[in-house]
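Sequence plus predicted model, see below.
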Amino acid sequence: MPNFLSAGLIPAFLLFLGTMSSFSKESYLVVEANSGRILLAAGAMDKRPVASLTKVATAMVTLDWAKATSTDLGAEMVVPPSVASLGGSNPMGLFPGDRISLRNALYSALMGSDNSAAQSLAHHVGYNILVARGQTGDPVKAFVAEMNTLAGELAMRRTRFANPHGLYVSRGRGYSTATDMARLCIYAMRDPGFAFFVKQKSRDLSFRHGETTKAFKVQNTNRLLGQENINGIKTGLTRLAGQCLATSSELRPVVEKLPDGATRLTPRLLICVVLGSQDRFGRTLGLVKQGWALYDQWVEAGAVMSSPGRERLVVPNLRR
């Protein structure tokens with residue numbers, strides 16, 4: 001573990017804390033995902049910790065890996081020793097040696113913001129990645145490297161993930177921006193499995209502790225689900241990050257009849273990312289309402305982007 005009291009590391013550490021103290025105001029970005037139209041933004045390029053919004057990347061690396069390797073999400077994994085010293089949210093009470101399915105760990109990580117579930121996913125997937133490559137090393141580090149690879153592929157240029165759970169710990173301090181997290185959320189919501197996980201208000205889960213099967217009902221920490229057509233995504237909260245919330249609000253597609261008789265469907269999905277808020281839920285509700293109103297005005301005016309480079313967020317379709 002790095003010693004932050006060493007002379008060489010103190011200046012950089014204090015500089016980073018000084019940067020964090022400058023974020024007294026929240027950052028946010030509101031974008032319509034399918035057009036990429038940026039509707040509202042403030043401090044959206046400011047680097048700052050994002051707490052458990054990190055778990056969106058954790059989930060997507062896991063889901064992408066499972067898809068690429070044809071791994072069943074019902075497969076069980078073993079909870080690693082590292083969860084014992086992790087700290088933070090462990091709503092199911094996972095202990096090293098417990099066995100839980102990838103699917104149930106994803107539910108708990110995304111809905112209940114479960115740090116131990118996120119750590120377990122990272123260890124399991126990271127280990128399998130190393131084995132497939134004929135390599136040895138720290139499985140969690142290998143997994144985090146994949147998180148940062150994904151960030152790079154999504155053009156999240158002001159993001160660095162340091163762990164799979166988002167805790168601000170001495171071994172690594174990650175950061176992102178409202179803009180970059182919006183990119184990640186757009187990518188994640190394209191995945192039907194991810195979208196299903198994050199729209200659930202509660203879920204009955206289980207895991208094995210020795211010979212005993214333990215049941216647990218996870219509640220979604222996103223209490224805005226169902227309001228203003230909100231159907232995801234993830235909450236986050238630490239002392240340094242403040243209150244964070246990424247949400248998706250989906251309206252019915254617009255159906256148009258074209259001159260040639262064909263039908264055109266225009267999906268409508270709003271992504272709102274709020275970082276460092278004093279009232280993430282109230283702030284998000286206001287931004288979502290305002291965002292949809294601005295989107296409607298833009299469409300009625302012809303959906304023209306005068307400066308696409310500044311007004312549009314482009315998220316590539318990745319083949320992973």
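Sure, I can see it. Residues are numbered from 1 along each chain as shown.

excluding its backbone neighbours, what's nearest residue 80?
Spatial nearest neighbour of residue 80, chain neighbours left out: residue 123 (4.1 Å); criterion: C-beta to C-beta, 6 or more residues apart in numbering. Where C-beta positions appear, they are placed from N, C-alpha and C, glycine not excepted.

now the helix or strand harbouring that neighbour, how far from the chain's geometric center?
Take DSSP states H and E as the rule and residue 123 turns out to sit in helix 115-132. Helix 115-132 sits 17 Å away from the centroid of its parent chain (C-alpha atoms, centre = their mean, to the nearest Å).

picking up where we left off before, quick check, the residue nearest to residue 80 in contact with residue 143.
Yes: in this structure, residue 123 is within contact of residue 143 by C-beta atoms under 8 Å, at 7.4 Å.

Settle it for me: which of those two has more neighbours?
More crowded of residue 123 and residue 143, by other C-beta atoms under 10 Å: residue 143, with 28 against 23.

The more buried one and residue 196: what is the separation?
Separation of residue 143 from residue 196 (C-beta to C-beta, to the nearest Å) stands at 23 Å.

Then residue 144?
Taking C-beta to C-beta, one finds residue 144 at 25 Å from residue 196.

So those two - more neighbours on which side?
For residue 144 versus residue 196, the count of surrounding residues by other C-beta under 10 Å is larger for residue 144: 24 against 12.

Model confidence at the more buried one, what's the number?
Looking at residue 144, its pLDDT stands at 98.

Over to residue 16?
Predicted confidence (pLDDT) for residue 16: 41.

what residue ranges in the stretch 101-250 of the chain are flagged as low confidence?
170-172 (pLDDT under 70).

what about residue 206, how many neighbours?
Neighbours around residue 206, by other C-beta under 10 Å: 12.

Show me what it is bridged to.
Taking DSSP bridges, one finds residue 215 as the beta-bridge partners of residue 206.

what's the spacing between the closest residue to residue 66 other than its chain neighbours and residue 251?
Once flanking residues are discounted, residue 66 sits nearest to residue 73: 5.9 Å by C-beta to C-beta, 6+ apart. As judged by C-beta to C-beta, residue 73 and residue 251 stand 29 Å apart.

Of all residues in the protein, which one is nearest the centre?
For the chain, the residue sitting closest to the mean C-alpha position, by C-alpha atoms, centre = their mean, is residue 56 at 2.3 Å.

sec struct for that residue, please.
helix (DSSP: H, G, I helix; E, B strand; the rest coil).

three-state assignment of residue 256?
Under three-state DSSP, residue 256 comes out as strand.
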